[in-house]
Every structure is written in structure tokens, then in C-alpha cells.
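Visitor: Give me a model of this one.
(one chain, ligands or ions: 1)
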Amino acid sequence: MSELRGVAGRILFREGQESDLDAIAEVEAESYSSAGAGLSPALFAAPVDTLSHVALSDDRLVGHVLLTRVEGPDRALALAPLAILPSWRDMQIGTELVRRALARSRDDGWRSVFVIGQPDYYCRFGFKSGLADPAISPWQGPRLLALELVAGALEGWAGPLTFPESYEAVVRATLPKSAGH
Ligand SMILES: CC(C)(COP(=O)(O)OP(=O)(O)OC[C@H]1O[C@@H](n2cnc3c(N)ncnc32)[C@H](O)[C@@H]1OP(=O)(O)O)[C@@H](O)C(=O)NCCC(=O)NCCS
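Guide: Just a heads-up that it's a prediction; the model follows:
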């Protein structure tokens, strides 16, 4: 287990489960516009693979990240939402959640991850906009970022990148209000 500084060292991180959905929806409601509340439950219910991690302080769910299968390169995921309760931000909880979710994705055989987000935040994990340049997507631009979980996974790939419909709803809901995307 990785060494964590400060408060995040006292946080329990684990995979998300169906019984977390109400608490996850609350975290999202605190983080996004009303259109954004309940995004994860919608993605969980969609007929696509998802992988989720949560952060808990005592028994309270304080943060959440979700990865969802995307159509494009072989075994590719899209990351969103990522949300931490406002009073728990800037404690490295989001960073640790994403690190753990990415490690799990790699262990499960996923090869790359895309995110539509703030490059300043996601560069810490190795996300780069250049890696996503060959993607044909309405979201193409400096905020469309990609990460290879397996070295060379995106080498030579070019083509359409299609997010699940519910994922696009996540992005639309987070763009206007969230500084994170
Ligand atoms: C963005 C968010 C997930 C970050 O989570 P967090 O646990 O507060 O972040 P961490 O503590 O791991 O990281 C803090 C670092 O990220 C930076 N950071 C935080 N929000 C940022 C943003 N929007 N853009 C760029 N950097 C950001 C901080 O400056 C800090 O930098 P440092 O490590 O160099 O000191 C959280 O602020 C949040 O839930 N925001 C609302 C929802 C959202 O925007 N989600 C992201 C896209 S879906």
C-alpha cells in the first residue's frame, strides 16, 4: 500500500459497490450542477463495463471515481466522474483514488484510459493530450487526454472514439460549473 501524507493516510479506499450508489449520488450533487447529480448511477445502469473506487472517512463516503468502457482502441476506458466532497478537497484523496483505479484497470487488462478534463490536474497521472490527438471525437481538443496503461497501447491507433451516452451527460454536466474539467 502506498504511503499517504496527512488526512488521506486515514482514509479507507476500496472498490465501489451497488450499496454505495446513494452516497455517490450525494457526492456528485455537491460537486456538479443539478443536471450532474446521479450521473454514476446512470452509468452503472448502462450496459457497459464500469470500474469504480470510493474513499471513506469512518463510514462516510467522501469521494468517488468511475471508469467506463469506451469504443475506440482495444480495451479502452473513459474516466468520469471524479468527485470529492468540498470539505475533503486538496488532501490528495482524488489523486489517490485515481491512482488506485488506474492500477486496478491495468491489473484487469485494460490498455488505455481517456478523460475530458483539466490537463493541469490529469498530467500528474501521465495523461497527455498528444496521445489523444488521433481520436476522432466531438470532444477533440486540448482537454481530451489519454494515458497508456500498457506501453505503446495507442501507438499507430487512429479512429473514432465513442463515449457511452451517459458519459457524455457526465461531461456536459461538469463542463460549465466544474473547474476540474
Ligand atoms: C478536482 C477534484 C476531483 C480534485 O480532488 P482533490 O482530492 O481535491 O485533489 P487532490 O487533493 O488529489 O489534488 C490536489 C491538487 O490538485 C490541484 N487541483 C485541484 N483541482 C484542480 C483543478 N480543477 N485543476 C487543476 N488542478 C487542480 C490542486 O491545486 C492540488 O495541487 P498540488 O497537489 O500540486 O498541491 C475535486 O476538486 C472535485 O471533486 N471537484 C469538483 C468535481 C470536479 O471538478 N471533478 C473533476 C472532473 S469530473
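Visitor: biggest strand in the protein, by residue count?
Guide: Using DSSP state E, we find that the single longest strand of the chain is strand 60-70.
Visitor: all helices for the protein, in order.
Guide: Remark: helices assigned in the chain by DSSP state H are 21-31, 39-45, 93-107, 119-122, 129-132, 165-177.
Visitor: I'd like to know which of the ones you listed is closest to the ligand.
Guide: helix 93-107 (2.6 Å; Cβ to the nearest ligand atom). No exception for glycine: its C-beta is placed from N, CA and C like everyone else's.
Visitor: which residues sit against the closest one?
Guide: Applying Cβ atoms under 8 Å, 6 or more residues apart in numbering, the external contacts of helix 93-107 come out as 2, 4, 7-8, 11, 13, 15, 51-55, 62-65, 67, 77, 79, 82, 84, 113, 124-125, 147, 149-150.
Visitor: Repeat that for stretch 139-153.
Guide: 73-75, 102, 105-106, 110-119, 122, 125-129, 131-133, 135, 137, 154, 163, 171, 181.
Visitor: Those residues in strands, which ones?
Guide: Going by DSSP E, the strands hold 112-116, 135 from the contacts of stretch 139-153.
Visitor: how about TSV for these, with distance to the ligand, neighbour count and pLDDT added?
Guide: Output for the ones in strands among the contacts of stretch 139-153, formatted as TSV (distance: Cβ to the nearest ligand atom, whole Å; neighbours: other Cβ atoms under 10 Å; pLDDT from 0 to 100):
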residue	distance to the ligand	neighbour count	pLDDT
Ser112	18	22	98
Val113	13	26	98
Phe114	13	28	97
Val115	8	26	95
Ile116	9	25	91
Ala135	19	22	98
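Visitor: ok, so of those, who is nearest Met91?
Guide: Nearest to Met91 out of the ones in strands among the contacts of stretch 139-153 is Val115 (Cβ to Cβ; 21.0 Å).
Visitor: Tell me who's in contact with the closest one.
Guide: Applying Cβ under 8 Å, 6+ apart, the residues contacting Val115 are 78-80, 122, 127, 145-147.
Visitor: switch to 7 Å and redo it
Guide: 78-80, 122, 127, 145 (Cβ atoms under 7 Å, 6 or more residues apart in numbering).
Visitor: Show me which of the residues you listed has the smallest pLDDT value.
Guide: Minimum pLDDT for these is recorded at Ala80 (86).
Visitor: wait, that one sits on Glu168?
Guide: No: the criterion here is Cβ atoms under 7 Å, and Ala80 misses it with Glu168 at 9.8 Å.
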